[in-house]
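# Below are the sequence and a predicted model for it; my questions follow.
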Amino acid sequence: MALTGDLRSFNFVDIFQVIGRDRKSGILFVEWKDLTCAYYVKDGEIIFARPIDKVYRVYADKDFDLLLSKLRMSMESLPKTIERFLISRLDMKEGIFSFTPGFIKYGGEYPVVYPIEELIVLASRNLTPEEVERKISDELLLFERVPGKEEVLQKAKLNQIERHILSLVNGERTVLQIRQMVNQDSLLVDRALYAFLSLELIRRKKKEVKQKQAPITLELLAKIIERIRSL
Amino acid sequence: MRQIKKIKVVIAGPFAAGKTQFINTVSEIKTVKTERKIQHSREKQVKDYTTVAMDFGKIRIDDEHELYIFGTPGQFRFDFMWEVLGEGALGIIILVDSTDPTTFHEARKIINFFQSRFPVPIVVGANKQDLPNAWSPEDVRIALDINEEEGIPVIPVSAIDKESVKNALLTLFEIIRVNLTR
């Protein structure tokens, strides 16, 4: 099933998160105002990018290795295409994207110089205040670290300030407190938190779900369930 | 006359997520709607009428009990109603239009709203699964940043299909049952 949307409402951090989490393979198309690009995704990593004139023509090249030889692309040159046609465009907010899973046949291994985790962080540095507000919607939000994420952290290549922000997340400090402790533009903090959430380095601190003073007994509950079934 | 006891669940979600339809599909009474003609041009492109206070449907359980299903307005400008409707609810179903990723962030904010105020079970219904361009529930879950520790299942829903709506309600009540037996 194709994933489609508008970059204004679903930014690159979100797109990379969906692609990376499931380790999807396929092709991501982005129709910018000036250019349409195809991004080749293998096991959740973007390995090649190229501008295209018509989307349907991409579907004619189903074998990735054959495509590379047709385009006379060497393995070493693949990361350059990511820099030129993706990383340099992460600040562009107007475009339509669609991701078509499957379809392309990949051969062996391809170099991954820019892991999806790093792309998430790079994209997060371009988020606008309106974009970060979608996830960091309340200064009283509490986040906690997710254990066992050393590999993600390594691939994400955080800068010094981002590492500092991450170190302040402890399940007790609110977003407001973290902003105050960092003592820099709060957008910087919010962007980092947004990226950490997408990378699952942090999560919202879970509140205990209680059925407080439930006006219901197990017997009544069984009746409700039975009644709904019989509708 | 014996007084009927009310059991309440809330159906929330962004604008045009399918909340009114969800209640229509399963309610035994004609859904009580508080709809008004839409004035905003952007919203008008999606539908002509929208809920401004609440929708209300019900299912008779037995001689003493009725299940009340309340639908909240979708727009944030009516969020004062969410608080009113959430009070006393046994659980909350948050519907998301799986074909419209522009609403996913709003859906996450709505989850945050109910999660922080009402410590009751929440189920997310990835609605409109009958449409060809619907995101899968798993992709919706990732887009909404719902991790497993949150204990919020994201299930496929098609609000026009009675079995699908029943399944969503049953999923919610099953979680309530598990919580009660803990």
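Noted; the coordinates are in hand. Numbers count the residues shown, from 1 in each chain, chains lettered A, B, ... in the order given.
# who's in contact with the helix or strand containing B:L169?
In this assignment (DSSP states H and E), B:L169 forms part of helix B:162-181. Helix B:162-181 has contacts (Cβ atoms under 8 Å, 6 or more residues apart in numbering or on different chains) with A:209-211, A:214, A:216, A:218, A:221-222, A:224-225, A:228-229, A:231, B:9, B:22, B:25-26, B:90-93, B:120-121, B:123, B:125, B:129, B:151, B:153, B:155-159. The way it works is simple: take the backbone N, C-alpha and C, and place the C-beta from them, glycine included.
# So for that helix, what gets flagged as buried?
Within helix B:162-181, the residues that count as buried by 16 or more other Cβ atoms under 10 Å in any protein chain shown are B:164-173, B:175-177, B:179.
# and these as JSON lines, adding pLDDT?
Compiled in JSON lines, the buried residues of helix B:162-181 are given as follows (pLDDT from 0 to 100):
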{"residue": "B:S164", "pLDDT": "97"}
{"residue": "B:V165", "pLDDT": "97"}
{"residue": "B:K166", "pLDDT": "97"}
{"residue": "B:N167", "pLDDT": "97"}
{"residue": "B:A168", "pLDDT": "98"}
{"residue": "B:L169", "pLDDT": "97"}
{"residue": "B:L170", "pLDDT": "97"}
{"residue": "B:T171", "pLDDT": "97"}
{"residue": "B:L172", "pLDDT": "97"}
{"residue": "B:F173", "pLDDT": "96"}
{"residue": "B:I175", "pLDDT": "94"}
{"residue": "B:I176", "pLDDT": "93"}
{"residue": "B:R177", "pLDDT": "91"}
{"residue": "B:N179", "pLDDT": "88"}
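# Now flag whichever of the residues you listed is closest to A:L28.
Comparing the buried residues of helix B:162-181 against A:L28 with Cβ to Cβ places B:S164 closest, at 30.4 Å.
# Helices of chain B, residue ranges please.
Applying DSSP state H to chain B gives helices spanning B:19-26, B:41-44, B:79-86, B:104-117, B:137-143, B:162-181.
# Might you list the low-confidence residue ranges for the chain?
Since no chain was named, I'll use chain A. A:1-2, A:206-215 (pLDDT under 70).
# my bad, the chain I had in mind was chain B
Counting by pLDDT under 70, chain B has low-confidence residues at B:1-2, B:31-54, B:74-80.
# Quick check: the gap between A:F10 and chain B.
Plainly put, A:F10 is 5 Å away from chain B if you go by Cβ to the nearest Cβ, to the nearest Å.
# gap between that residue and A:A123?
Look at A:F10 and A:A123: by Cβ to Cβ, to the nearest Å, they are 12 Å apart.
# The two: who's more crowded?
Using other Cβ atoms under 10 Å in any protein chain shown, the more surrounded residue of A:F10 and A:A123 is A:A123, with 24 against 21.
# Quick check, the more buried one in contact with A:Q17.
No. Using Cβ atoms under 8 Å as the test, A:A123 is too far from A:Q17 to be in contact (9.5 Å).
# Domains in chain A, by residue range?
Per automatic domain parsing, the domain ranges recorded for chain A read A:3-119, A:127-204.
# Using the three-state scheme, assign A:F97.
Going by DSSP: H, G, I helix; E, B strand; the rest coil, the secondary structure assigned to A:F97 is strand.
# who's the closest residue to B:G71 other than its chain neighbours bridged to?
Nearest residue to B:G71 in three dimensions, chain neighbours excluded: B:D55, at 3.4 Å (Cβ to Cβ, 6 or more residues apart in numbering or on different chains). Beta-bridge pairing of B:D55 under DSSP bridges involves B:K33, B:G71.
# Test my guess that B:D55 contacts B:I23.
Yes. Counting by Cβ under 8 Å, B:D55 does reach B:I23; the two are 5.1 Å apart.
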